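Undergrad: Prediction below, plus the sequence it came from.
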Amino acid sequence: MAKIKEGPKVVGIGELLWDMLPEGKRAGGAPINFVYHAARLGARGCAVSAVGGDTLGGEILAELAKNGIEHCIARLDYPTGTVLVKLDDKGVPSYDITENVAWDHIPLTQEALAAVAEAEAICYGTLASRSEESAKSVIELLSRCPKEALRFYDINLRGNYYNAELINRLLGQANIFKINDEELVTLKQKFGIKGDKGQVCRALLKEYNLRYLILTAGAKYSEVYWHGGVSRVDTPQVKVVDTVGAGDSFSGAFVYGILSGMNVEQAHKLAVEVSAYVCTRSGAWPKYERKQFL
């Protein structure tokens, strides 16, 4: 896909890796998945991460180029990240994430600083900040983005690579927060928050001065809270191949919709449609055309 220069610029900061699926390897990493889908819809996508000087690193950079994604990717003397993905009978993945890989050492480069300085939206998660080295780079890059930029934090909890202090640190940088129903239970326990899901979501919206809070509940529904109300959409029933990257495609589509001038309900509907489609395809980066949804 060719770069679409006139689109809003979105940047993903964090893990760039190969998902090792039963049928073979697929490019992935939540913040970069976000960039991929925003770019499919018309954004200028830019990935900030690190890969190794190995063959896998060269191959994943080629994938970015093939899909029209600009990048500020350091090549380091660490292996390129990989994740062993196992799918259950409903296509829901579990992950075995390799440690001490290149994206655990994301450097703060002038190219990355320049990229975030012109970003209209930035996506980041918790996983890439499992190492203090990458966490420092993520926080510094977020501090350099334009004040009006959308700062999208997808909590995206994996394994034991998180704690309440880290979540609070990252959430404090956000103006959009995305969490799923299982993660919400974990967050309530970690933060000692009381109340039902609606009360918790509205409390977080107020406490962190968020523009939007997105709650997803897999095959059931999703909700978007903002200070003017809440949008709820039931999840379409589709034939699921796997759900790898589906949440990230939701994120990329929602942000693209908001940046394109859609209201919350319109952006939410677009996000649901795109993520449902992604569930019918293998891997986090399935091919599709903008005109399928817009």
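TA: The structure has been received and is ready for your questions. Numbering: from 1, shown residues only.

Undergrad: show me what contacts the residue nearest the centre of the chain?
TA: By Cα atoms, centre = their mean, the mean C-alpha position of the chain lies nearest to residue 31, the distance being 3.7 Å. Residue 31 makes contacts with 12-15, 47, 49, 123-125, 128, 154, 248, as judged by Cβ atoms under 8 Å, 6 or more residues apart in numbering. All C-beta spots, glycine's among them, are computed from the backbone N, C-alpha and C.

Undergrad: Show me these that map onto strands.
TA: Members of those lying in strands (criterion: DSSP state E): 12-13, 47, 49, 123-125, 154.

Undergrad: Could you check how far residue 142 is from residue 112?
TA: Separation of residue 142 from residue 112 (Cβ to Cβ, to the nearest Å) stands at 11 Å.

Undergrad: Who has more neighbours out of these two?
TA: residue 112 (25 against 19; other Cβ atoms under 10 Å).

Undergrad: which one is the more buried one nearest to, not counting chain neighbours?
TA: Once flanking residues are discounted, residue 112 sits nearest to residue 72: 4.3 Å by Cβ to Cβ, 6 or more residues apart in numbering.

Undergrad: Go ahead and list the helix or strand containing that neighbour.
TA: Element membership of residue 72, judged by DSSP states H and E, is strand 70-76.

Undergrad: Which of the residues in that strand are classified as buried?
TA: 70-74, 76 (16 or more other Cβ atoms under 10 Å).

Undergrad: same deal with stretch 168-176?
TA: Applying 16+ other Cβ under 10 Å to stretch 168-176 flags 170-171, 173-176 as buried.

Undergrad: Just the terminal-to-terminal distance for it.
TA: The first and final residues of stretch 168-176 sit 14 Å from each other (Cα to Cα, to the nearest Å).

Undergrad: any idea of the mean pLDDT in that stretch?
TA: Mean pLDDT, computed over stretch 168-176, is 96.

Undergrad: neighbouring contacts of that stretch?
TA: Residues contacting stretch 168-176 (Cβ under 8 Å, 6+ apart): 124, 126, 129, 135, 138-139, 142-143, 150-153, 155, 177, 191, 204, 208-214, 255.

Undergrad: Can you give the distance of it from its chain's centre?
TA: Put simply, stretch 168-176 sits 14 Å off its chain's centre (Cα atoms, centre = their mean, to the nearest Å).

Undergrad: Let me see the residues that make contact with the longest helix seen in the chain.
TA: The longest helix of the chain (DSSP state H) is helix 264-279. Counting by Cβ under 8 Å, 6+ apart, helix 264-279 makes contact with 37, 41, 91, 212, 222, 224, 226, 228-229, 231, 233, 235-236, 238, 240-243, 245-247, 249-258, 262, 284, 286, 288, 292-294, all of which sit outside it.

Undergrad: out of these, which are buried?
TA: Among the contacts of helix 264-279, those buried by neighbour count (16+ other Cβ under 10 Å) are 37, 41, 91, 212, 222, 224, 231, 235, 240-243, 245-247, 249-258, 262, 284, 286, 288, 293.

Undergrad: Most neighbours among the contacts of residue 31, which one?
TA: Of these, with other Cβ under 10 Å as the count, residue 12 tops at 34 neighbours.

Undergrad: List the contacts of that residue.
TA: Shown in contact with residue 12 (Cβ under 8 Å, 6+ apart): 29, 31-35, 45-49, 122-124.
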